[in-house]
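Colleague: Provided below for reference: sequence and predicted model.
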Amino acid sequence: MSRLADSRYDVLVVGGGAMGSAAAWQLARGGRAVLLLERFGAGHIYGASHGGVRIFRYGYEDPTYVRMVQAALPLWRELESDAGETLLELTGALDHGPERDIDVLAAAYRECGVRHERLTAEDAAQRWPGLRFDTAVLAQADAGRTKAAATVTALHRTAAAHGADVRTDTQVLAIEWKADEVIVRTENEKFSAPVAVVAVGAWAESLLALLDIPLPELRTTEEQVFHFPPIEEHPGGNPWPSFMHRGPRIWYGLQTPGEGIKLGEHHAGAACDPEPGRRSFTIDPAARDRVRRYAAEWLPGVDPEPVTETTCLYTTTPTEDFVIDRFGPIVVAAGFSGHGFKFTPLIGARLADLAVGGLSRREDRAGDARWV
């Protein structure tokens, strides 16, 4: 595999976070000449793919998403094999909250053939004494956590090992679509290819504004994330599971090895400008108070005083479904709405298919997927 010319490739990938990097990996291992351009460094703190861990869970009411998780699992194992490191750990996952929510999740599990167990609050508390429950609990053993920044770094490394040209600290200033080629301009260089994958997260609208691509509304928020020190590493002899607590507010948590129990309130952040110079990177005192109160009431296995606190971005569509489509020679991935990371290698494969196969999602409705 060789480049057609110094600045011409088979596929340009703009955005080296989780999804763009996964697309570059899939394309490069398929023998394509790929250029991956990332504005910041691998695993940077400015987007949605940084930090220690993300939840890998099957807990969706929509069976389509459950099937997508099932399809993602073997691709995670392929990535691990290629990278030579563990990126997905199956510590188990729990959902608890209103009975109606648990019933719907259980129905989706049954429809998709997902192994699961329904426990009373009392039985769940005996098994996981670090958590408190007041409703039925749905447990799923084949879930757990993914390593976020490590995954992005591994994707950069493996894509490069398969021949991709991976460039970090390289900002794309413009994307042009001319006849049968896409031209991407940086400060000092120009690159071209028959097709480009654009996966730039919160910057999708601004970077694609001149191309007349019909994106849905994308709302960017600065979410608040905290870590609490566990009283025991394995309370009751079991590892800390990932968990979702459903109700008027949705809470999530999981263990970050070496950092503590990660806890956050899902979709609770304020709208923000993603540009590093215009974003606060500060913790909302009201959010800190809420998470402390939650930890004190619902997590008896932690000291309810956070030891670390940080922010990250969500870019959310009105339906919380993903934007994955092809418009002419431009493949777009955006709007992962705070629940996309678990699908990273699957979405990378889909983006690669769209880039190489050329069909838009509107033209190709086959398969189990949920795209805007």
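Modeller: In hand now; what should we look at? Numbering: from 1, shown residues only.
Colleague: helices and strands around the helix or strand harbouring residue 118, which ones?
Modeller: Using DSSP states H and E, the element containing residue 118 is strand 117-119. Applying 3 or more CB pairs under 8 Å, 6 or more residues apart in numbering; DSSP states H and E, one finds that strand 117-119 makes contact with strand 137-140. In this view, the C-beta of every residue, glycine as well, is placed from N, C-alpha and C.
Colleague: Can you name every helix or strand that the strand it packs on contacts?
Modeller: So strand 137-140, by 3+ CB pairs under 8 Å, 6+ apart, packs with strand 93-96, helix 99-112, strand 117-119, helix 121-127.
Colleague: again, only using 7 Å
Modeller: Identification of packing neighbours for strand 137-140 by 3 or more CB pairs under 7 Å, 6 or more residues apart in numbering; DSSP states H and E yields strand 93-96, helix 99-112, strand 117-119.
Colleague: Highest mean neighbour count out of these?
Modeller: Of the helices and strands packed on strand 137-140, the one with the most neighbours on average (mean count of other CB atoms under 10 Å) is strand 93-96, at a mean of 24.
Colleague: follow-up on the earlier one: tabulate the helices and strands packed on strand 137-140 (CSV), appending distance to residue 167 and mean pLDDT.
Modeller: Compiled in CSV, the helices and strands packed on strand 137-140 are given as follows (distance: least, CB to CB, whole Å; pLDDT from 0 to 100):
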stretch, distance to residue 167, mean pLDDT
strand 93-96, 36, 99
helix 99-112, 40, 98
strand 117-119, 47, 98
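Colleague: what's residue 105 in contact with, if anything?
Modeller: 59, 61, 95, 138 (CB atoms under 7 Å, 6 or more residues apart in numbering).
Colleague: likewise residue 344?
Modeller: 18-19, 22, 151.
Colleague: any idea which of these is the one closest to residue 266?
Modeller: residue 18 (18.2 Å; CB to CB).
Colleague: low-scoring stretches of this protein, by residue?
Modeller: 1-6, 358-372 (pLDDT under 70).
Colleague: contacting residues around the longest helix along the chain?
Modeller: In terms of residue count, the longest helix belonging to the chain (DSSP state H) is helix 63-83. Here helix 63-83 makes contact (CB under 7 Å, 6+ apart) with 58, 60, 86-88, 108-109, 111-112, 114, 154, 157-158, 342-343, 345-346, 349, 368-370.
Colleague: can you rerun that using 6 Å?
Modeller: 58, 60, 87-88, 108, 111-112, 154, 158, 343, 345-346, 368, 370 (CB atoms under 6 Å, 6 or more residues apart in numbering).
Colleague: one step back: tell me how far the strand holding residue 118 is from the chain's mean position?
Modeller: 27 Å (CA atoms, centre = their mean, to the nearest Å).
Colleague: Tell me if I'm right that residue 42 and residue 154 touch.
Modeller: No: contact criterion CB atoms under 6 Å: residue 42 and residue 154 do not qualify, at 9.5 Å.
Colleague: is residue 56 in a bridge, and if so with what?
Modeller: Under the criterion DSSP bridges, residue 56 forms beta bridges with residue 144.
Colleague: From residue 22, how far off is it?
Modeller: 15 Å (CB to CB, to the nearest Å).
Colleague: got it, and residue 208?
Modeller: 20 Å.
Colleague: Who has more neighbours out of the two?
Modeller: residue 22 (30 against 20; other CB atoms under 10 Å).
Colleague: Who are the contact partners of the spatially closest residue to the more buried one that is not a sequence neighbour?
Modeller: If you skip the residues right next to it in sequence, residue 22 has residue 348 as its closest partner in space, 2.5 Å away by CB to CB, 6 or more residues apart in numbering. Residue 348 makes contacts with 22-23, 26, as judged by CB under 6 Å, 6+ apart.
Colleague: Name every strand pairing with the strand holding residue 118 and say which way it goes.
Modeller: Strand 117-119 is paired, per DSSP bridges, with strand 137-140 (antiparallel).
Colleague: From the chain's centroid, how far away is the partner strand?
Modeller: Using CA atoms, centre = their mean, the offset of strand 137-140 from its chain centre is 22 Å.
Colleague: Need the CA coordinates for that strand. PDB is fine.
Modeller: What follows is strand 137-140, C-alpha atoms only, in PDB (Å, rounded to 0.1, in the frame of the first residue of the first chain):
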ATOM      1  CA  VAL A 137     -31.900  -4.500  40.200                       C
ATOM      2  CA  LEU A 138     -31.000  -5.800  36.700                       C
ATOM      3  CA  ALA A 139     -27.500  -7.300  36.600                       C
ATOM      4  CA  GLN A 140     -25.600  -8.100  33.500                       C
END
